[in-house]
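Visitor: give the three-dimensional model of this entry:
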Amino acid sequence: MAVVAMLSVGMWSCGKDDNTNESDAGTTQVDPGIDPGIDPGIDPGTDPGTYPGAVWVDLGLPSGLLWAAHNVGASAPEDYGDRFAWGEVAAKITYNWSTYRYCNGDYDQLTKYCNKSSYGSGYNGFTDDLSTLEPADDAATAAWGDGARTPTKEEWQELMDNTTSEWTTLGGVIGRRFTAANGSSIFLPAAGYRWDDELNYASYGYYWSSSLYTDNPNFAWSFYLCSDYQSVHYNCRNNGLIVCPVRSSLR
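Guide: Residues are numbered from 1 along each chain as shown. Sure thing, here's the model as predicted:
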């Protein structure tokens, strides 16, 4: 029952909660160059490199998709990285509708990624029928270059369906490790989300997908994790969530 109550606040709400924690892991970038075959779970002290995303993990997924060893803005798997509003490519201090890039200052005032006219800017019938982030609006592509992107809703589901996961710690940071049948794994730290200038639910993980929640385009699909639960669900587009990149193949 506690999990259900938390979900109703943490994922459906466009506001904040009272459980805040302002402690973030470091996000200093270093030079790339680590062997892409390294499993970042082998040695927590190993720095897998950052931009342009030197380490990609092959989990043997049916799609062949490769997952990044760490988040955008992070320098190691246990680092949180940066947080982004959905469709924005830069981190910021304040996350709310008044600072959101693709609206006119409030919800139901969307100026991009809007499939229903009643949610469009000024109720003037605006729609564009875009339901997946374009590369110019994808934080993973902006930070790591062509080929890197934010996973779709379906790709998060594929990760869950084809790995086993455990709640654990890495470098003193709590999160979930997802391990594939081929032995490879990725670690996703729990880092909460930002609304306004506060960090909410710091012991839970919230990650963006690139997929719009078309039932209500004020929201987009996200991936949620905690100590005893994981799910694909929707989150308010103006909130600041983490991005873990994927790519189809190495060049």
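Visitor: show me what contacts C103?
Guide: Counting by CB atoms under 8 Å, 6 or more residues apart in numbering, C103 makes contact with 97, 109-111, 121, 238. Just so you know, the C-beta spots here come from the backbone N, C-alpha and C atoms, and that holds for glycine as well.
Visitor: now render these as CSV, adding neighbour count, pLDDT and secondary structure.
Guide: Shown next, in CSV, are those (neighbours: other CB atoms under 10 Å; pLDDT from 0 to 100; DSSP: H, G, I helix; E, B strand; the rest coil):
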residue, neighbour count, pLDDT, secondary structure
W97, 18, 97, helix
Q109, 19, 92, coil
L110, 23, 94, strand
T111, 15, 94, coil
S121, 18, 78, helix
N238, 27, 98, coil
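Visitor: got CSV for the residues you listed, with distance to S131 too?
Guide: Shown next, in CSV, are the contacts of C103 (distance: CB to CB, whole Å):
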residue, distance to S131
W97, 20
Q109, 19
L110, 13
T111, 16
S121, 18
N238, 18
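Visitor: report the separation between the closest residue to T164 other than its chain neighbours and Y204.
Guide: Among residues not flanking T164 along the chain, T179 sits closest, at 5.4 Å (CB to CB, 6 or more residues apart in numbering). With distances taken as CB to CB, to the nearest Å, T179 is found 21 Å from Y204.
Visitor: who's more crowded, those two?
Guide: Y204 (22 against 17; other CB atoms under 10 Å).
Visitor: so how far is T163 from the closest residue to that one other than its chain neighbours?
Guide: Leaving aside its sequence neighbours, Y204 sits nearest to C226 (CB to CB, 6+ apart; 4.6 Å). As judged by CB to CB, C226 and T163 stand 17 Å apart.
Visitor: check W208 too.
Guide: 19 Å.
Visitor: pick out whichever of these two has more residues nearby.
Guide: Neighbour tally, W208 and T163, criterion other CB under 10 Å: the higher count belongs to W208, 31 against 20.
Visitor: can you tell me the SS state at the spatially most central residue of the chain?
Guide: In the chain, the residue lying closest to the centroid (CA atoms, centre = their mean) is Y207, at 2.6 Å. Look at Y207: counting by DSSP: H, G, I helix; E, B strand; the rest coil, its state is strand.
Visitor: the closest residue to it other than its chain neighbours: neighbour count?
Guide: In this structure, Y207 finds its nearest non-sequential neighbour in F223, 4.4 Å apart by CB to CB, 6+ apart. By other CB under 10 Å, the residues close to F223 number 25.
Visitor: these two touch, right, the residue nearest to Y204 and A190?
Guide: Yes: look at C226 against A190 with CB atoms under 8 Å: they come within range, at 7.0 Å.
Visitor: between the two, which contacts overlap?
Guide: Jointly contacting C226 and A190 under the rule CB under 8 Å, 6+ apart are 203-205.
Visitor: you'd agree S118 is in a helix?
Guide: Yes: S118 sits within a helix when classified using three-state DSSP.
Visitor: show me what contacts it?
Guide: By CB under 8 Å, 6+ apart, the neighbours of S118 are D108.
Visitor: quick one, grab the pLDDT at it.
Guide: You'll see S118 listed with a pLDDT of 90.
Visitor: same question, Y207
Guide: At Y207, pLDDT is 98.
Visitor: so A140: helix, strand or coil?
Guide: helix.
Visitor: how close does it get to S210?
Guide: 8 Å.
Visitor: joint contacts of those two?
Guide: Taking CB under 8 Å, 6+ apart as the contact criterion, the common neighbours of A140 and S210 are 149-150.
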